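*Asks:* here is my input, please return the structure:
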Amino acid sequence: MIFDKTSSPHQGQPVIEQGKPLKEAAAAVILVHGRGATAESILTLAGEVDRPDAAWLAPQAANYTWYPLSFLAPDDQNEPGLGSALELLSVVVAKVEEAGLPKEKIILAGFSQGACLSLEYAARNPARYGGVVAFSGGVIGPEVDEDRYTGDMAQTPVFLGCSDYDHHIPEKRVHESANLFERLGARVTKKIYPGLGHTINEDELAHFRIIMDEVLSGG
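*Replies:* Take a look at the predicted model:
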């Protein structure tokens with residue numbers, strides 16, 4: 001199949017897999033990297049979280065960027081990258097489900113641009129996932145359009161962690177995103193870290209492990 005890279009730049013991009021094979025795994029984590037990064041780089045989180053019964057899948061953005069502008073830009077200015085990125089996540093979720101793991105065993109996680117994309121995907125496609133983990137991110141768009149998001153997260157655990165001052169992610173959007181997911185019926189944990197900067201700390205990883213352990217234990 002030949003993909004039109006102009007209209008759908010991320011179609012056909014590789015998805016790097018690590019950990020247990022999908023058909024043997026107790027859970028699957030879809031890791032979404034940030035702007036300018038790689039699937040391999042975000043997969044280092046697998047070693048830090050250290051849950052060997054999970055399969056880890058990391059899609060690679062074309063040209064290392066999921067969409068060109070800030071996540072606060074109007075959606076049309078981030079196309080076709082944004083729509084193509086969301087479609088690629090749908091493809092990866094479907095691949096996991098086809099291997100026998102339902103959405104309740106799938107955790108969506110990302111950092112920065114990848115966190116924004118993970119949150120946006122889950123909010124547009126609400127269901128009972130194993131969890132959603134957003135390190136330094138918020139839902140996408142110049143404002144949170146409440147009419148865009150309908151459905152039920154059915155008590156999916158959602159974690160949002162961010163610095164109180166982040167050059168890329170306004171704290172206000174983190175609060176708005178948490179409120180949105182609460183409205184959609186998720187179990188939301190939100191942590192704002194004074195002076196953290198644009199990075200991931202050990203407390204955030206601890207929250208990631210809590211969500212993973214709940215999924216792996218069948219909770």
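
*Asks:* and the residue nearest the centre of the chain?
*Replies:* S118 (2.5 Å; Cα atoms, centre = their mean).

*Asks:* if I look at that residue, how far off is A28?
*Replies:* From S118 across to A28, the span is 14 Å (Cβ to Cβ, to the nearest Å). For every residue, glycine as well, the C-beta is placed using N, CA and C.

*Asks:* spit out the contact partners of the residue lying closest to Q60 once chain neighbours are set aside.
*Replies:* Counting by Cβ to Cβ, 6 or more residues apart in numbering, A39 is the residue found nearest to Q60 once chain neighbours are left out, at 4.2 Å. Applying Cβ atoms under 8 Å, 6 or more residues apart in numbering to A39 gives the contacts 14-16, 31, 33, 58-60.

*Asks:* so which residues of the protein form helices?
*Replies:* Using DSSP state H, the helices of the chain run over 39-42, 44-49, 81-98, 113-124, 171-183, 202-216.

*Asks:* do you know which of those helices lies nearest E146?
*Replies:* Proximity to E146 (Cβ to Cβ) singles out helix 171-183 among these, at 7.4 Å.

*Asks:* quick check: A122 touching A134?
*Replies:* No. Applying Cβ atoms under 8 Å, one finds A122 not in contact with A134, separated by 9.1 Å.

*Asks:* re earlier: mind checking pLDDT for the residue nearest to the centre of the chain?
*Replies:* Reading off the confidence values, S118 has pLDDT 98.

*Asks:* before we move on, what about G218?
*Replies:* The model reports G218 with a pLDDT of 83.

*Asks:* and it, how far from R187?
*Replies:* Spatial separation of G218 from R187 under the definition Cβ to Cβ is 16 Å.

*Asks:* neighbour-wise, which of these two wins?
*Replies:* Taking other Cβ atoms under 10 Å, G218 and R187 do not tie; R187 has more neighbours (16 against 9).

*Asks:* thought the more buried one was touching V158?
*Replies:* Yes. With contact defined as Cβ under 8 Å, R187 counts as touching V158 (6.8 Å).

*Asks:* confirm for me that K190 is in contact with A178.
*Replies:* Yes. Look at K190 against A178 with Cβ under 8 Å: they come within range, at 4.3 Å.
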